[in-house]
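Q: Structure for the following, please:
(one chain, ligands or ions: 1)
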Amino acid sequence: MAKLKEEINNHLLQLQLEIDEIFVSGRDAVVSEVTIGQVYGGMRGLVALACNTSYVDPYSGLYINKYTTEEFSDKLPEEIFALLITGKFPDKSELAEFQADLNTRTHIPQYTWDVLRSLPKNSHPMTMLSLGILSMEGESVFKKEYQKGIQKSEYWKYSLEDALNILAKLPGLAAGIYRIRFGNGDLIPPNPNLDWAGNLTHMLGFDNADKAFSDLMRLYLVLHCDHEGGNVSAFTSRVVNSALSNLYYSVSAGLNGLAGPLHGLANQECLKFILQIYEHLGANPEDKDLEKYVLEVLNSGKVIPGYGHAVLRVTDPRFTAFMNFGEHNCADNNCFKIAKKLYSVVPGILSSYKGGKVANPWPNVDAISGSLLYHYGLSQFDFYTVLFGVSRVMGFCAQNILAQGLGQPIIRPKSVTNKWVMEKLLIKDK
Ligand code: HAX
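A: Residues are numbered from 1 along each chain as shown. The predicted structure follows:
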């Protein structure tokens with residue numbers, strides 16, 4: 001992995017030069033002011049973090065480096081990981097070297113399977129994924145080297161070892177969870193001749209599925225890879241890693257955040273929602289019936305899963321990429337048709353709902369992904385967030401390694417009490 005290390009090192013040098021330049025022109029310059037609304041409102045819109053793996057523009061969506069979602073969505077996940085962490089796509093030989101290296105690290109210890117098999121039968125697959133990674137924490141190269149004593153400038157190199165070990169094991173771990181949790185038979189060993197996503201398909205037991213399922217898996221693992229630094233899972237992972245908890249701890253922590261219904265779990269909620277609509281209204285509901293159904297859900301106090309976003313203010317381009325895939329491969333599927341129909345109805349309802357309080361009425365990635373998986377026979381929607389997680393770990397690892405390489409300190413914002421705020425406002429008023 002000498003080449004990948006060299007590319008990361010070059011990228012870090014470049015990023016450090018940029019930071020030096022930024023600091024020279026004004027370390028004390030103000031980029032964001034904090035309102036009371038933000039202090040009490042989940043810090044929404046507050047600029048207080050640097051993340052150089054990806055950027056989410058409210059109106060054009062996810063960029064990795066300079067590439068728009070449309071421009072990178074035909075790549076392999078391995079190429080995307082290299083892009084996240086080096087700022088460049090690998091050439092053919094670098095990609096081959098990276099894939100060969102991952103294939104030497106796929107072994108998952110028996111104790112991990114023992115832990116997973118000992119859990120209650122109805123454990124959520126995200127619990128199993130998080131725990132599966134945490135169970136291997138003792139294997140951390142970073143932890144062992146840190147205990148021996150290493151220079152701060154070297155941290156990232158050992159975290160990279162951990163990242164490669166975790167990423168290499170992830171498809172096997174996720175597929176094993178699928179097979180254990182849903183009684184799908186024995187574990188299937190990896191095939192060293194397959195790429196990362198191809199191996200996931202193979203180990204899930206979908207070798208005989210439509211070939212387009214492997215393409216969907218590649219697209220799925222690409223589109224979910226990263227979404228800048230402030231979302232719940234990435235931020236959690238960064239905070240935990242900033243205490244120098246190794247990547248096994250910080251990846252597991254990020255996955256625990258991803259498991260929430262307002263974040264990654266929304267994809268399983270969406271499919272559940274679509275299936276409920278199918279049950280109540282059939283595959284081709286009338287607009288007025290669908291509108292009535294959506295309003296009933298809203299009025300019962302629930303959110304419409306897959307719609308809205310803390311940053312985006314347009315249809316998520318990752319939604320569009322999945323929509324295009326569906327149009328080409330499964331346009332007649334009932335779930336896909338309902339997901340499409342919801343897209344024509346929900347934004348209008350959310351725009352005017354409760355005086356327009358929903359900041360973004362448009363769909364996010366989760367509104368559509370499940371209907372595609374369902375089409376190919378992956379019908380256990382409890383499992384969908386695991387697939388999201390497999391992909392998002394690339395982002396967690398890349399963000400944490402770059403932060404370590406840039407010597408970023410422990411994250412510790414200041415919190416205040418109501419009393420403090422009241423005193424502060426009173427002082428300001430005088
Ligand atoms: N349905 C109903 N109400 C919604 C809504 C939706 N889809 N989206 C936002 N709202 C409501 C909020 O609950 C909030 O209501 P209250 O003031 O009563 O609390 C109000 O509109 C304002 O919220 P916002 O500013 O528009 O949105 P936030 O930044 O606070 O939250 C969420 C963003 C994604 C959490 C939100 O839009 C939501 O809950 N969406 C549904 C769940 C979902 O799809 N989550 C996945 C998001 C993408 C992701 O992270 N994937 O992993």
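Q: residues from the stretch 301-430 of the chain in reach of the ligand?
A: Contact residues, the stretch 301-430 of the chain versus the ligand (CB under 6 Å from any ligand atom): 303-310, 357-360, 364, 366. Bear in mind the C-beta positions are built from the backbone N, C-alpha and C, glycine included.
Q: Kindly provide the distance from the residue lying closest to residue 51 once chain neighbours are set aside to residue 12.
A: Closest residue in space to residue 51, ignoring its immediate chain neighbours: residue 229 at 3.1 Å, by CB to CB, 6 or more residues apart in numbering. Shown here: residue 229 relative to residue 12, a distance of 17 Å by CB to CB, to the nearest Å.
Q: which residue packs closest to the residue in the stretch 101-250 of the chain that the ligand sits nearest to, ignoring adjacent ones?
A: Nearest to the ligand in the stretch 101-250 of the chain, going by CB to the nearest ligand atom, is residue 231, at a distance of 5.9 Å. Nearest residue to residue 231, sequence neighbours excluded (CB to CB, 6+ apart): residue 263, at 6.9 Å.
Q: Would you agree that neighbour is in contact with residue 233?
A: Yes: counting by CB atoms under 8 Å, residue 263 does reach residue 233; the two are 6.2 Å apart.
Q: between the two, who's got more neighbours?
A: Neighbour totals were compared for residue 263 and residue 233, and residue 233 leads with 25 against 20 (other CB atoms under 10 Å).
Q: what's the following helix or strand after the strand or helix carrying that one?
A: Using DSSP states H and E, residue 233 sits in helix 232-242. Scanning forward in sequence from helix 232-242 by DSSP H and E, the next helix or strand is helix 247-258.
Q: residue of the stretch 1-150 of the chain with the smallest distance to the ligand?
A: For the stretch 1-150 of the chain, CB to the nearest ligand atom, closest residue to the ligand: residue 44, 5.7 Å.
Q: Now do the contacts for that residue.
A: 38, 310 (CB atoms under 8 Å, 6 or more residues apart in numbering).
Q: Can I get the helix or strand encompassing residue 342 as CSV, trimmed to CA atoms?
A: Using DSSP H and E, residue 342 sits in helix 334-352. Coordinates of each C-alpha in helix 334-352 appear next as CSV, following Å, rounded to 0.1, in the frame of the first residue of the first chain:
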residue,chain,number,x,y,z
ASN,A,334,-44.7,-1.8,-7.5
CYS,A,335,-42.5,-0.4,-4.7
PHE,A,336,-40.6,1.7,-7.2
LYS,A,337,-43.8,3.0,-8.7
ILE,A,338,-45.1,4.1,-5.3
ALA,A,339,-41.7,5.7,-4.4
LYS,A,340,-42.0,7.6,-7.7
LYS,A,341,-45.6,8.6,-7.1
LEU,A,342,-44.7,9.9,-3.6
TYR,A,343,-42.1,12.1,-5.2
SER,A,344,-44.9,13.7,-7.2
VAL,A,345,-47.1,14.3,-4.2
VAL,A,346,-45.1,14.7,-1.0
PRO,A,347,-43.1,17.9,-1.8
GLY,A,348,-46.3,19.8,-2.5
ILE,A,349,-47.8,18.7,0.8
LEU,A,350,-44.7,19.4,2.9
SER,A,351,-44.2,22.8,1.3
SER,A,352,-47.4,24.1,2.7
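Q: elements contacting whichever helix or strand comes after that helix?
A: Next helix or strand after helix 334-352 toward the C-terminus (DSSP H and E): helix 366-375. Where contact means 3 or more CB pairs under 8 Å, 6 or more residues apart in numbering; DSSP states H and E, helix 366-375 is packed against helix 211-223, helix 266-281, helix 317-329, helix 334-352, helix 384-405.
Q: Recalculate using a threshold of 7 Å.
A: Secondary-structure packing of helix 366-375 (3 or more CB pairs under 7 Å, 6 or more residues apart in numbering; DSSP states H and E): helix 266-281, helix 317-329, helix 334-352.
Q: all strands for the stretch 1-150 of the chain, in order.
A: Ranges of strands in the stretch 1-150 of the chain, per DSSP state E, counting those that start in this stretch, are 54-57, 61-64, 67-68.
Q: can you count the residues close to residue 420?
A: For residue 420, using other CB under 10 Å, the count is 11.
Q: and the gap between it and residue 412?
A: 17 Å.
Q: doesn't residue 230 make contact with the residue nearest to residue 231?
A: No: under the criterion of CB atoms under 7 Å, residue 263 lies out of contact with residue 230, with a separation of 11.9 Å.
Q: so what sits against both of the two?
A: Common contacts of residue 263 and residue 230 (CB atoms under 7 Å, 6 or more residues apart in numbering): none found.
Q: Next, count neighbours for the closest residue to the ligand within the stretch 151-300 of the chain.
A: Residue nearest to the ligand within the stretch 151-300 of the chain (CB to the nearest ligand atom): residue 266, separated by 3.5 Å. Look at residue 266: counted by other CB under 10 Å, it has 26 neighbours.
Q: Also residue 418?
A: Residues near residue 418, counting by other CB under 10 Å: 8.
Q: any idea how far whichever residue of the chain sits closest to the ligand lies from residue 251?
A: Per CB to the nearest ligand atom, residue 308 is where the chain lies closest to the ligand, at 2.1 Å. As judged by CB to CB, residue 308 and residue 251 stand 26 Å apart.
Q: Convert the C-alpha atoms of stretch 404-422 to CSV, please.
A: Provided in CSV are the C-alpha atoms of stretch 404-422 (Å, rounded to 0.1, in the frame of the first residue of the first chain):
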residue,chain,number,x,y,z
GLN,A,404,-5.2,13.0,12.5
GLY,A,405,-2.8,13.7,9.6
LEU,A,406,-3.5,17.4,10.0
GLY,A,407,-2.9,17.2,13.8
GLN,A,408,-6.4,18.3,14.6
PRO,A,409,-7.0,18.5,18.4
ILE,A,410,-9.7,16.9,20.6
ILE,A,411,-13.2,18.3,19.8
ARG,A,412,-14.7,20.1,22.7
PRO,A,413,-17.3,22.9,22.0
LYS,A,414,-18.6,24.9,24.9
SER,A,415,-22.1,24.4,26.3
VAL,A,416,-23.9,26.9,28.5
THR,A,417,-26.9,27.0,30.8
ASN,A,418,-30.1,28.9,30.4
LYS,A,419,-28.9,31.1,33.3
TRP,A,420,-25.7,31.9,31.3
VAL,A,421,-27.7,32.8,28.2
MET,A,422,-30.1,35.0,30.2
